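S.K.: the following comprises the amino acid sequence and a computationally predicted model.
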Amino acid sequence: MRKIASSELIINDDGSVFHLHLRPEQLADTVILVGDPGRVAKVAGYFDTTECRAANREFVTVTGTYRGKRMSVVSTGIGTDNIDIVINELDALVNVDFDTRTEKPQPTVLTLLRLGTCGAIQPDLKIGDLILSDMSVGFDGLLNFYKGRDAVCDLAIEQAFVNEVGWSDRWTRPYFVACSRKLATLFADTTVRGMTVSAPGFYAPQGRWVRLEPADPQLNARLERFTFDGRRFTNIEMESSALAGLARLMGHEAATICTVIAQRVALDACPDYQPFVDKMIVMSLEKLSGVSKNDVSLNK
């Protein structure tokens with residue numbers, strides 16, 4: 001059995017994993033992921049009980065219970081590079097024996113739900129709408145560094161997209177990964193489902209032009225027009241692709257739900273979006289707490 005070297009998985013002196021500063025017993029099997037460290041307190045404020053809190057850099061975790069369901073809420077910061085850290089370390093907490101540095105024989109499946117914000121790129125989507133990333137599309141390239149990438153990606157949509165959109169050979173190869181079918185079903189009646197772009201930046205990679213012009217100012221317009229077997233692009237954010245891809249490779253159940261706070265087609269935005277985020281948080285907690293009663297198979 002392969003022993004994982006200390007350089008590959010760094011464990012702190014207190015037995016916690018390097019970046020998250022969490023010990024294995026402090027993590028619940030149901031995890032809500034948020035970008036903003038300040039939003040951890042917002043989510044945890046709805047918990048009935050709190051058992052622990054850990055913090056290091058932008059990574060803040062609170063574990064507790066909501067309606068009898070044990071959950072953790074973890075902040076990731078911004079970007080797929082941070083998602084790479086968080087998902088690998090969450091997986092290690094449940095699937096690696098820290099004493100022997102070997103994989104556990106029986107894997108644990110985590111339920112990972114990211115709650116974020118996004119910009120809509122279809123004219124019929126409104127500020128405040130909740131979009132579930134049925135398919136996440138990575139413009140970031142992170143998953144391309146992992147063995148097995150093609151096995152978890154939809155290669156047919158990928159090739160059609162590259163051909164139709166005129167994807168530049170200067171950009172990293174995009175990848176298309178579906179979210180958990182179980183979570184998609186769980187949130188089907190409270191969200192709009194669509195394809196979500198994960199961009200590797202907030203400005204030019206999302207088509208924004210402040211002083212530096214994007215290399216392709218028409219890319220968003222082509223995204224808006226692209227369809228494949230009834231699927232269409234709905235929104236842009238910065239994390240869902242890495243979450244979907246890494247979770248699929250590791251065998252976890254994962255999905256992203258985002259509140260629309262900017263209408264990119266109408267060139268409109270809502271800086272006071274907190275009431276919409278609060279609604280998303282409460283809805284998600286209610287749904288996830290119902291899983292423990294009605295669909296315990298999610299965490300098997």
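M.R.: Now that the structure is in, tell me what you want to look at.

S.K.: does residue 164 touch residue 227 like I think?
M.R.: No: applying Cβ atoms under 8 Å, one finds residue 164 not in contact with residue 227, separated by 9.4 Å. For every residue, glycine as well, the C-beta is placed using N, CA and C.

S.K.: where's residue 214 relative to residue 262, distance?
M.R.: Plainly put, residue 214 is 16 Å away from residue 262 if you go by Cβ to Cβ, to the nearest Å.

S.K.: looking at these two, which has the bigger crowd around it?
M.R.: Remark: of residue 214 and residue 262, residue 262 carries more neighbours, 22 against 15, as counted by other Cβ atoms under 10 Å.

S.K.: what bridges to that one?
M.R.: Beta-bridge partners for residue 262, by DSSP bridges, are residue 119, residue 269.

S.K.: and it, what is it in contact with?
M.R.: Residues in contact with residue 262 (Cβ atoms under 8 Å, 6 or more residues apart in numbering) are 118, 119, 120, 127, 268, 269, 270.

S.K.: for the residues you listed, pick the one with the most neighbours.
M.R.: Compared across those, residue 118 has the highest neighbour count, 29 neighbours, by other Cβ under 10 Å.

S.K.: distance of that residue relative to residue 92?
M.R.: 29 Å.

S.K.: the stretch 201-300 of the chain: strands as residue ranges?
M.R.: For the stretch 201-300 of the chain, the strands defined by DSSP state E, counting those that start in this stretch cover 227-228, 231-237, 253-263, 268-269.

S.K.: can I get those strands in a markdown table including distance to residue 67 and mean pLDDT?
M.R.: Shown next, in a markdown table, are the strands of the stretch 201-300 of the chain (distance: least, Cβ to Cβ, whole Å; pLDDT from 0 to 100):
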| stretch | distance to residue 67 | mean pLDDT |
| --- | --- | --- |
| strand 227-228 | 39 | 96 |
| strand 231-237 | 28 | 96 |
| strand 253-263 | 19 | 95 |
| strand 268-269 | 34 | 74 |
